[in-house]
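Colleague: Sequence first, then the predicted structure, then my questions.
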Amino acid sequence: MACGEGYGTDVLARTARSVVGVDANPDAFAHAQAKYERPGVRFERTLIDAFDEPCDAVVFLQTIEHVTNPGQILEHFGGLVAGSAAPAVYVSTPNVLTLAPEGAERSGNPWHVHEYRAGEFRTLCEAHFGGVELFGLFHARMLAAHELALKRLRWDAVHTRLGITERFYDRFTPAISERDFRLVAEADAGPLGGLDGALDFVAVLTP
């Protein structure tokens, strides 16, 4: 849902038998359809709350903060997977505590209708699904080391002073992979801070 240019749809199709990418934007739809034409992948140009094909799972990433009716959207997704033997809805959203500047209530992104804390996001999900597993996405490996360098070693000042910014990040950025992130279950995040330091929240929802 809200698949954009279709990259994520193609990634899911590497393991799923079939995937439908849904997006209302005509340019994104045209790009996705042209770039990811292969068996098991198709795209539908329509609004996410108008798509009505039954499915086993719904994946809705980094978009719920953009909608004015999140509860209705979640109810719609629940209806889409209701007939599945193993229904699941996957929803992610940024953590406002790490997205917004320090001391600010919001990030300032004009397209975000609401930005969530962990408790707010859980409450929203629990109002529409019986099963809610909440995870936090954190930096790992290279990104964890980079984050530490920024905070403890004032790395931003160092690379600028040495004149190596472009050379460093031209090598560093392409080397980042999924191994440089980790998902932590809410129960494993600990009582002190919990998921407050997560970059994003990921909810796995079941009826």
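Modeller: Received, thanks.
Colleague: my guess is Thr68 contacts His112, does it?
Modeller: No - using Cβ atoms under 8 Å, Thr68 is not in contact with His112; the gap is 11.2 Å. For every residue, glycine as well, the C-beta is placed using N, CA and C.
Colleague: Between those two, tell me which one has more neighbours.
Modeller: When neighbours are counted by other Cβ atoms under 10 Å, Thr68 and His112 differ, and His112 comes out ahead with 17 against 8.
Colleague: which residues touch the nearest residue to the more buried one once chain neighbours are set aside?
Modeller: For His112, ignoring the flanking residues on the chain, the nearest one in space by Cβ to Cβ, 6 or more residues apart in numbering is Glu65 at 4.8 Å. The contact partners of Glu65, taken as Cβ atoms under 8 Å, 6 or more residues apart in numbering, are 93-94, 112-116.
Colleague: Buried ones among those residues?
Modeller: Those of the contacts of Glu65 that meet the buried threshold are 93-94, 112, 114-116, by 16 or more other Cβ atoms under 10 Å.
Colleague: isn't Met142 right up against Thr173?
Modeller: No - shown here, Met142 and Thr173 do not form a contact pair, counting by Cβ under 8 Å, at 10.1 Å.
Colleague: got a list of contacts for the helix or strand containing Val20?
Modeller: Per DSSP states H and E, Val20 falls inside strand 19-22. Residues outside strand 19-22 that contact it (Cβ under 8 Å, 6+ apart): 1-3, 6, 8-10, 12-13, 32, 36, 40-44, 46, 48, 51, 53, 55.
Colleague: Name the strands paired with it and say parallel or antiparallel.
Modeller: The strands beside strand 19-22 in its sheet (DSSP bridges) come out as strand 41-44 (parallel).
Colleague: Give me the contact list for the partner strand.
Modeller: Under Cβ under 8 Å, 6+ apart, the answer for strand 41-44 is 3, 6, 9-10, 13, 18-23, 29, 32-33, 36, 51.
Colleague: Can you select the buried ones among those for me in PyMOL?
Modeller: The PyMOL selection below is limited to those of these classed as buried (16+ other Cβ under 10 Å):
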select buried, resi 3+6+9+10+13+19+20+21+22+23+29+32+33+36+51
